[in-house]
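Colleague: below: sequence and its predicted model.
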Amino acid sequence: MKMKKSTDDLMKILRSTPSVDEYFDQNDNEIFFGSLSELIDFYLARKKLTKAEVVRNSGMNRGYCYEIMAGKTTKNISRDKVIMLCFGLNLTVDEAQQLMKKSGYAPLYARDTRDSIIIFSLEHHIGIVNTNIKLGEYSLEILE
């Protein structure tokens with residue numbers, strides 16, 4: 001993700017913005033988060049979600065999802081698990097791209113059939129169950 005604003009520009013915006021929440025809302029693509037769990041915590045707070053809601057919305061194994069959110073499991077998290085976490089966190093496509101990159105994976109790719117369905121689902125707030133149904137209709141691997 002390419003930075004668009006200089007640090008000086010961000011400082012000026014931050015100084016003139018009425019709240020830090022508004023600053024993050026307007027500049028989240030410009031903010032650096034040190035770890036995957038820090039970025040997850042940011043989205044949890046921003047979306048006002050509980051970890052239990054994320055687990056439920058992600059369709060992921062409860063214990064494993066909690067480990068990822070706590071930063072206890074950072075190695076070998078599959079790309080599909082990161083995508084499932086994007087659904088769990090109710091991320092926009094841009095937010096999902098940021099989470100993908102922070103996880104060490106390439107962003108979702110609109111030229112890829114499977115990724116296209118996932119992008120469409122995220123963009124239109126289609127849950128993971130219906131996304132998996134659509135993937136199955138195209139004989140593509142479901143998210144699990």
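Modeller: Happy to help now that I have it.
Colleague: where does the protein have low pLDDT?
Modeller: By pLDDT under 70, the low-scoring segments of the chain are 1-3, 28-29, 32-33, 74-75.
Colleague: all helices for it, in order.
Modeller: Shown for the chain, the helices assigned by DSSP state H span residues 7-16, 20-27, 36-47, 51-58, 62-70, 79-88, 93-102, 113-123, 128-137.
Colleague: most packed of those?
Modeller: With neighbours defined as mean count of other CB atoms under 10 Å, the helices of the chain peak in mean count at helix 79-88, which reaches a mean of 23. C-beta coordinates here come from the backbone N, C-alpha and C atoms, glycine included.
Colleague: other SSEs contacting that helix?
Modeller: Taking 3 or more CB pairs under 8 Å, 6 or more residues apart in numbering; DSSP states H and E as contact, the helices and strands that helix 79-88 lies on are helix 51-58, helix 62-70, helix 93-102, helix 113-123, helix 128-137.
Colleague: turn the helices of the chain into TSV, columns for distance to Leu143.
Modeller: Below are the helices of the chain laid out as TSV (distance: least, CB to CB, whole Å):
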stretch	distance to Leu143
helix 7-16	35
helix 20-27	28
helix 36-47	18
helix 51-58	9
helix 62-70	13
helix 79-88	5
helix 93-102	13
helix 113-123	8
helix 128-137	6
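Colleague: closest to Glu144 out of those helices?
Modeller: Evaluated with CB to CB, the helices of the chain place helix 79-88 nearest to Glu144, the distance being 6.9 Å.
Colleague: which residue, other than its chain neighbours, is closest to Val20?
Modeller: Nearest-residue entry for Val20: Leu14, 7.9 Å, with adjacent residues in sequence omitted and distances by CB to CB, 6 or more residues apart in numbering.
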